[in-house]
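> can you look at this prediction? I've put the sequence above it.
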Amino acid sequence: MRGVGRPIAPGLADLDEPRRQGQAGMPGEVRNGQDLVPEGGDEKQVHFLENAGHLAGFMEIYAKSEQTRFASGGDISLGWQTVFDRYQKKYGTRAAMGTLNFSDVEITSLAPDAALVFGHWHLQRDADAPSGLFTLVFRKTPAGWRIVHDHTSSAAKP
């Protein structure tokens, strides 16, 4: 899933930085993800999109935990490996992975070590162009900001 737009995760690093009008990362603070992400972003988190054809790299942004949760289409996958296996089954080929892009991204700080990220996703493939919404809960871990909960929905097909 190669992203052509700006990635989500680097914007979370901004929650760690002081802002002119107070301390960043204050609970309830809403920020536009488009404004948060510097061009190029943080290399460790930009790989979320840059590791196009390689799911293991894509999955690095997810917490490697048995509590990592992915919910979509009425199904729940629990645990990093289970989430990885789901992605592998659904997006196991380059054609199935397509090109992933995000828009209208908002990041809300929930606590100094937690953030809610909401936005639209768009997948461009040769055969189709599905899209939908996502809500992610990120936690700041020793490894950096990681997704611990991903709820993704697909838009109705026209």
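Structure received. Numbering: from 1, shown residues only.
> strands of the protein, start to end?
Under the criterion DSSP state E, the chain contains strands at 2-3, 30-32, 69-72, 75-78, 99-111, 114-124, 131-141, 144-154.
> may I have the longest helix along the chain as CSV, with CA atoms only?
As assigned by DSSP state H, the longest helix anywhere in the chain is helix 80-90. The C-alpha trace of helix 80-90 is given here as CSV (Å, rounded to 0.1, in the frame of the first residue of the first chain):
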residue,chain,number,x,y,z
TRP,A,80,-0.4,-8.1,16.0
GLN,A,81,0.1,-11.5,14.3
THR,A,82,-3.6,-12.0,13.7
VAL,A,83,-3.8,-8.5,12.2
PHE,A,84,-0.8,-9.2,10.0
ASP,A,85,-2.3,-12.5,8.9
ARG,A,86,-5.5,-10.7,7.9
TYR,A,87,-3.6,-8.1,5.9
GLN,A,88,-1.5,-10.9,4.3
LYS,A,89,-4.7,-12.7,3.2
LYS,A,90,-6.4,-9.6,1.9
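> TSV please, covering the strands of the chain and showing distance to residue 63, mean pLDDT and mean neighbour count.
No exception for glycine: its C-beta is placed from N, CA and C like everyone else's. Output for those, formatted as TSV (distance: least, Cβ to Cβ, whole Å; pLDDT from 0 to 100; neighbours: other Cβ atoms under 10 Å):
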stretch	distance to residue 63	mean pLDDT	mean neighbour count
strand 2-3	20	36	18
strand 30-32	22	50	14
strand 69-72	10	96	18
strand 75-78	12	96	13
strand 99-111	15	88	18
strand 114-124	12	91	18
strand 131-141	6	94	17
strand 144-154	4	94	18
